[in-house]
Structure formats: C-alpha cells, structure tokens
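Chemist: give me a model of this one.
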Amino acid sequence: MRYLPAGPAEPLDPADLPVHLGGFSSQLARWLRQRRPDVVHALRDLLAAPARLGAFGIAAADRAASRYSWERIGAETEAAYRHFLSRPAEPSVRRASPPAGAARRLAA
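Modeler: Coordinates of the predicted model:
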C-alpha cells in the first residue's frame, strides 16, 4: 500500500472557493466555536503538530484498509440494496420549493 505524504494543513485562498462555500465554511467555523469549543481546540492542536497529523492519517488508512476490504464493501452495499428494495415503497414526500431568488443568491 502506498501512502500520500500528509503535511500541515494550509489555509485555502478564498478566491479558490466557490462563492457559497466560503460563506458556508465561515458559518461552520462560527457554529463550532459557539457550540463545540472542544472540537475547535482539538483541531487547532492537531493542525499545529504536523507529525501527529501525519501519524493519525497513516493510522486511519491502516485501520480502514484492515477492516474494510473491497469484498466487504461490496457485500455490505449489496445487502443494503437488497434490504431497501425488499421494503414496500413509501408514499413520496413533496419538498417545499426554495424561496424566490434563492438560485440567484447562491450564484452571486
């Protein structure tokens, strides 16, 4: 198995992000700071330690590779499809239409 090098995370240039994604990441950061400061501190500590970040990345890849073979993924995917296809169809749910002008705001 070949691993990609994991280095320190670098901030993205906002110009590289789609317009709505920059706003989303700001909202997510604000939400995390308000509701889960423990997560923010853990991420900040992890991003400040490139060696630890790389070690966690390697450990995560090893763990995933040892527990989830492609055969297992295929079998579990097939089982999930069989389970849901065997159930009677539920009545369709009609979603509300987006507010007028929503598409223009996202594209701006």
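Chemist: just the element for Ile58, please.
Modeler: Taking DSSP states H and E as the criterion, Ile58 maps to helix 50-67.
Chemist: now Ala89
Modeler: Per DSSP H and E, there is no helix or strand for Ala89.
Chemist: quick check: which ranges of the protein have low pLDDT?
Modeler: 1-24, 91-108 (pLDDT under 70).
Chemist: can you map out the helices along it?
Modeler: With helices called from DSSP state H, the chain shows them at 19-35, 37-47, 50-67, 70-86, 102-107.
Chemist: ok, so what distance separates Leu28 from Arg36?
Modeler: 11 Å (CB to CB, to the nearest Å). Placement of C-beta: from N, CA and C, glycine included.
Chemist: and Leu43, how many neighbours?
Modeler: Here the count is done by other CB atoms under 10 Å, and Leu43 has 13 residues near it.
Chemist: and Ser69, what are its phi and psi?
Modeler: phi -80, psi 160 (degrees, to the nearest 10).
Chemist: that one: neighbour count?
Modeler: Applying other CB under 10 Å, I find that Ser69 has 10 neighbouring residues.
Chemist: any idea how far Glu76 is from it?
Modeler: 11 Å.
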